[in-house]
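Q: Have a look at this prediction, sequence included:
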Amino acid sequence: MSYQNKFLNRKTVAGTTGSPLHQASSVANGTSTASGGYQTRENNNAVSPVENGIDRMGLQRKSSRAYERGDGLDERMGSSRKYSLTQAISNGSSLGQNSSGPNSAGFQDGAPELDYSQPASALQGPNFHLRRTQSQRAIERSPAALQRVGTLTTKETLTPSFAADKQFFPTTFPQIDDRYLRLDYANQDYLSKMLHSDLLPKGSPEVTREFMSTLVTLLLNYVEMQNDRTSRVLEFRHPKQLEQIVDIDVPDEESPSNLYQILLDCQQALQYQVRSGHPRFFNQISTGLDMVSLAGEWLTATTNSNMFTYEVSPVFVLIEKAVLQKMRELVGWPTGDGIFAPGGSISTLYAIHLARHRKFPLCKTKGVYALTKRPIIFTSAHCHYSIPQAAAVMGLGTDSVVEIPVDEKGRMDIDKLEEQIMACLERGDEPMLINATCGTTVLGAFDPIMPIADLCEKYDIWLHADAAWGGGVLVSRKHRKLMNGIERANSVTWNPHKMLGAHLQCSAVLIREPNQLFSCNNMSADYLFQQDKHYNVEYDTGDKAIQCGRKNDVFKLWLMWRAKGTLGFERQVNGLFELRDHLVRRLNEFEDFELILPEPECTNVCFWYVPPSCANMVGNRRYERLGRITAIIKARMMDRGNLMVGYQPLDDRPNFFRMLFSNAASTNEDVDFMLEEIVRIGHEL
């Protein structure tokens with residue numbers, strides 16, 4: 001089925017039939033479920049005797065409510081007995097004696113609470129007020145220039161007209177934690193008298209140093225804040241609320257802000273920005289705050305270099321060449337090519353562009369009119385959306401993308417793949433590219449590269465490996481087996497800003513054969529790529545790129561590699577998998593949770609929280625309720641600000657939590673805190 005037919009035209013169905021992963025052999029009453037229906041827990045409230053007295057939290061062990069399965073899951077999970085984390089928390093116990101963090105009410109005892117009586121959807125109603133003018137904002141921000149000491153207010157109050165609409169917004173918020181983001185007040189009077197024109201290049205070095213040193217101190221305080229588990233992950237406000245708090249206007253009048261006001265703007269931006277480097281930020285794949293990478297990013301911004309020619313970026317061009325060679329060696333290629341691109345989606349676009357150039361080279365000059373057959377792209381049904389997006393951008397259309405069903409672990413079904421290739425040939429279409437996903441976005445599945453590579457050789461198809469997420473396993477001798485056969489790919493997308501922890505953005509597309517990028521993309525602009533330069537022009541990289549201006553995204557990664565070495569990266573990646581294993585053990589230990597995949601391949605762990613009220617529910621009604629509860633818990637999680645975990649539906653599964661491990665700062669205690677926080681919020685519902 002094409003991407004367009006499956007997703008762009010899909011309809012919402014009230015009653016889902018369930019995922020093949022949750023087909024039950026029977027239910028409590030002895031009747032069989034419909035094919036493809038959700039599995040159900042037994043309707044059994046019996047409590048088994050305590051075999052060895054009391055558990056370590058003083059709780060009786062309850063009988064398992066695990067599903068009846070015919071796939072041997074019970075044996076893989078080990079013990080069939082589980083504890084109730086809800087009961088443990090109700091009794092005042094916790095998973096770890098050393099788990100630290102803000103209390104559930106907010107940052108400090110006595111801080112005002114958010115009004116949780118309103119449903120999350122009610123807080124985003126349409127009855128919003130008009131934005132205020134910049135002059136009005138300036139007056140409201142004034143209270144002696146924010147108390148004349150540069151701090152944010154500790155208890156924010158909305159403007160009267162805005163706060164009057166209590167149907168949509170609470171009038172008070174939890175106390176803001178401004179311990180770290182206070183400015184150096186000693187230089188307030190000095191910088192308040194200075195404008196941007198007093199800075200270099202035309203202004204004073206002394207003013208520039210004072211301004212920048214104050215800013216660096218603020219940034220370092222922010223870094224320290226992100227690594228303090230007693231600080232929040234975020235200070236959430238709804239969009240219209242935040243517009244009332246933060247001055248986001250772009251002025252036209254000739255009354256520029258002074259330098260101290262510019263620092264206040266930076267301070268407030270940091271105050272309300274999500275702290276993605278916090279050890280308890282698990283919301284996205286790109287997390288963490290590596291100090292060496294940060295140093296590289298600061299240097300990169302300071303040099304402000306363009307990567308298109310050796311003459312303007314000699315050191316960085318050489319570094320990019322060396323790092324790309326190292327990455328290709330880890331893939332298993334002695335030679336080849338590559339380039340750093342602005343994100344994995346563009347890296348994948350490069351690969352699909354190369355595949356088309358290989359099959360239809362005249363498209364470079366004639367466009368889609370040179371297509372003698374319709375090119376077809378094959379990919380997993382769980383692929384990243386950048387695959388159909390690239391097909392749309394290149395004029396191939398999303399209908400040219402054929403999505404292959406996945407197995408019970410989320411991996412591409414090889415038999416179905418070959419069936420679709422043969423059907424493509426029978427239609428007279430041209431199989432152009434197969435995308436093997438190495439670490440799917442939700443489940444973290446790795447498509448089997450070896451059999452896919454066999455089909456590519458059999459039918460003369462370009463093999464691209466989208467390892468944007470899972471490519472980090474290549475540095476680990478223990479886990480690189482997940483990508484066995486990667487050396488047989490024609491191209492690979494690898495994002496070090498994910499599992500390796502480099503700063504955004506850091507993505508590379510690696511090519512097995514040299515000179516293909518140049519052949520596909522070169523335009524030979526004489527004003528940049530003169531062939532009579534006095535150095536070896538093969539070091540000019542711009543003519544093989546889609547971009548002209550290209551940011552230096554490699555220096556921070558090179559600096560990390562210098563600091564850690566490949567063995568250091570290996571320890572880091574292995575540690576992320578150990579966190580995954582710890583979470584899976586915990587989820588199997590407690591009856592409050594249900595795993596989507598009992599044995600995840602990557603560091604994605606997907607699960608439902610199962611409150612006591614749903615423990616004995618059966619069928620679709622149970623899972624629809626779990627999906628609704630998941631979204632509500634996430635909303636309240638963000639309101640509290642102590643934690644962020646992502647959620648989403650997948651196929652016919654309603655919403656579930658997706659825990660991602662890519663932050664090297666996270667520990668087992670942070671995992672335990674996450675589980676406890678979910679149960680605490682669920683207990684309030």
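A: Here it is on my side, so go on.
Q: Look up how far Ser305 lies from Lys326.
A: Counting by Cβ to Cβ, to the nearest Å, the gap from Lys326 to Ser305 is 21 Å. For every residue, glycine as well, the C-beta is placed using N, CA and C.
Q: And for Asp672?
A: 44 Å.
Q: that older thread, between Lys326 and Ser305, which has more neighbouring residues?
A: More neighbours surround Ser305 than the other of Lys326 and Ser305, with 18 against 13 (other Cβ atoms under 10 Å).
Q: got a list of what that one touches?
A: By Cβ atoms under 8 Å, 6 or more residues apart in numbering, the contact set of Ser305 is 312-313, 316, 552.
Q: Turn the residues you listed into CSV, including distance to Tyr272.
A: Below are the contacts of Ser305 laid out as CSV (distance: Cβ to Cβ, whole Å):
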residue, distance to Tyr272
Val312, 37
Ser313, 35
Phe316, 34
Asn552, 29
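Q: Of the residues you listed, which is the nearest to Phe236?
A: Asn552 (33.6 Å; Cβ to Cβ).
Q: Going C-terminal from the lowest-mean-pLDDT helix or strand in the chain, what's the next secondary structure element?
A: Least confident helix or strand of the chain, by mean pLDDT, DSSP states H and E, is helix 160-163 with a mean of 33. On the C-terminal side of helix 160-163, the closest following helix or strand by DSSP states H and E is helix 188-192.
Q: Give the other helices and strands that that following helix contacts.
A: Helices and strands touching helix 188-192, by 3 or more Cβ pairs under 8 Å, 6 or more residues apart in numbering; DSSP states H and E, are helix 205-226, helix 259-272.
Q: And that helix, what's buried?
A: 188, 191 (16 or more other Cβ atoms under 10 Å).
Q: So Ala502 sits against Lys556, correct?
A: Yes - with contact defined as Cβ atoms under 8 Å, Ala502 counts as touching Lys556 (5.6 Å).
Q: If you count surrounding residues, which of these two has more?
A: Between Ala502 and Lys556, counted using other Cβ under 10 Å, the more crowded position is Ala502 (28 against 25).
Q: can you tell me which residues contact the more buried one?
A: 290, 293, 496, 556-557, 560.
Q: circling back to that earlier point, give me the common contacts of Ala502 and Lys556.
A: Common neighbours of Ala502 and Lys556 (Cβ under 8 Å, 6+ apart) are Ser293.
Q: which ones among the contacts of Ser305 are found in helices?
A: Phe316 (DSSP state H).
Q: wait, what's in contact with the residue nearest the centre of the chain?
A: Centroid-nearest residue in the chain, with Cα atoms, centre = their mean: Gln284, separated by 2.4 Å. The contact partners of Gln284, taken as Cβ under 8 Å, 6+ apart, are 276, 646, 660.
Q: So which of these are in helices?
A: Going by DSSP H, the helices hold none of the contacts of Gln284.
Q: returning to that earlier point: out of the contacts of Ala502, flag the one nearest to Ala665.
A: Of all the contacts of Ala502, Asp290 has the smallest distance to Ala665: 9.2 Å, by Cβ to Cβ.
Q: Walk me through which strands the helix or strand where Phe607 lies pairs with, and which way each runs.
A: Element membership of Phe607 [criterion: DSSP H and E] is strand 604-609. According to DSSP bridges, strand 604-609 has the following sheet partners: strand 593-595 (antiparallel), strand 653-660 (antiparallel).
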